[in-house]
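Novice: Fold the following and give me the result.
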Amino acid sequence: MDRMNPVLVVSPHLDDAVISAGQFLAGRPGAVVVTMLAGAPNPPVIREWDNMSGFATSQEALRARWAEDERALAVVKATAVHLGFLDGQYEPAARADLANALVEQVEHFQPEFVVGPLGVHHPDHERVRDAVLAANLDMPVWLYADLPYSVDRPQEAEAALEAIESRGYALELGLIGTGPLGAKIEALGCYPSQMQHHSINTMIGAERFWRVNRVS
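Specialist: Have a look, this model is predicted:
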């Protein structure tokens with residue numbers, strides 16, 4: 001039997017793919033998770049979120065978070081790719097640069113389909129979502145409901161859907177697969193620096209995905 005091409009899941013930060021699509025990843029071993037905003041500022045800086053997470057500098061935070069992500073994705077048998085764009089708390093990345101980098105990853109991995117964020121609440125999520133759409137990929141593209149934001153702020157999730165559709169896209173809610181919830185919970189536990197800020201109950205509900213279609 002021919003081996004299926006991997007699925008490529010686009011993650012804004014070093015935890016978003018597992019938080020929002022971890023159960024899907026657990027049911028699709030061999031997936032590739034490309035974290036777009038995984039770069040470390042040079043020189044190091046200190047920002048409020050890193051400080052709240054227990055880190056003294058951005059370098060310390062990124063070293064720990066790279067390791068957390070590697071461990072979490074190993075649980076769901078996914079490959080981690082960390083790109084060098086900066087988290088918005090350091091310096092917002094340009095959408096065009098993100099889109100071009102995504103195209104390079106797609107050309108390299110030749111995935112069966114790509115899954116990115118719906119872009120709820122967080123500016124980085126919106127920026128990465130826009131880059132996924134701007135990449136004009138020649139393959140199926142799906143968007144996942146950003147957790148926990150889509151649970152905590154359902155009105156913002158609806159607004160994100162409406163905003164995308166207003167740009168000439170049709171979104172179709174559908175099932176792309178799922179896996180064992182226990183694997184997702186185990187993977188979430190690999191992010192102690194970030195899980196302290198969230199309730200796990202907002203991350204283990206039903207994951208939701210929308211197929212993106214361009215309206216002619």
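Novice: Can you spell out which helices and strands pack onto the worst-scoring helix or strand of the chain on mean pLDDT?
Specialist: Least confident helix or strand of the chain, by mean pLDDT, DSSP states H and E, is helix 48-52 with a mean of 72. Packing partners of helix 48-52 (3 or more Cβ pairs under 8 Å, 6 or more residues apart in numbering; DSSP states H and E): helix 58-75. Every C-beta, even on glycine, is put in place using the N, C-alpha and C of the backbone.
Novice: Tell me how far the helix it packs on lies from the chain's centre.
Specialist: For helix 58-75, the gap between its own C-alpha mean and the chain's C-alpha mean amounts to 14 Å (Cα atoms, centre = their mean, to the nearest Å).
Novice: buried residues in the least confident helix or strand of the chain?
Specialist: Of all the residues in helix 48-52, those buried under the rule 16 or more other Cβ atoms under 10 Å are Asp50.
Novice: ok, which stretches of the chain are strands?
Specialist: Listed in chain order, the strands of the chain (DSSP state E) span 8-11, 32-35, 79-82, 114-117, 141-144, 169-174, 209-214.
Novice: who wins for proximity to Asn201 among these?
Specialist: The closest of those to Asn201 is strand 141-144. By Cβ to Cβ, the value is 18.2 Å.
Novice: Now do the contacts for Ser53.
Specialist: Ala61, Ser193, Gln194, Gln196, His197 (Cβ atoms under 8 Å, 6 or more residues apart in numbering).
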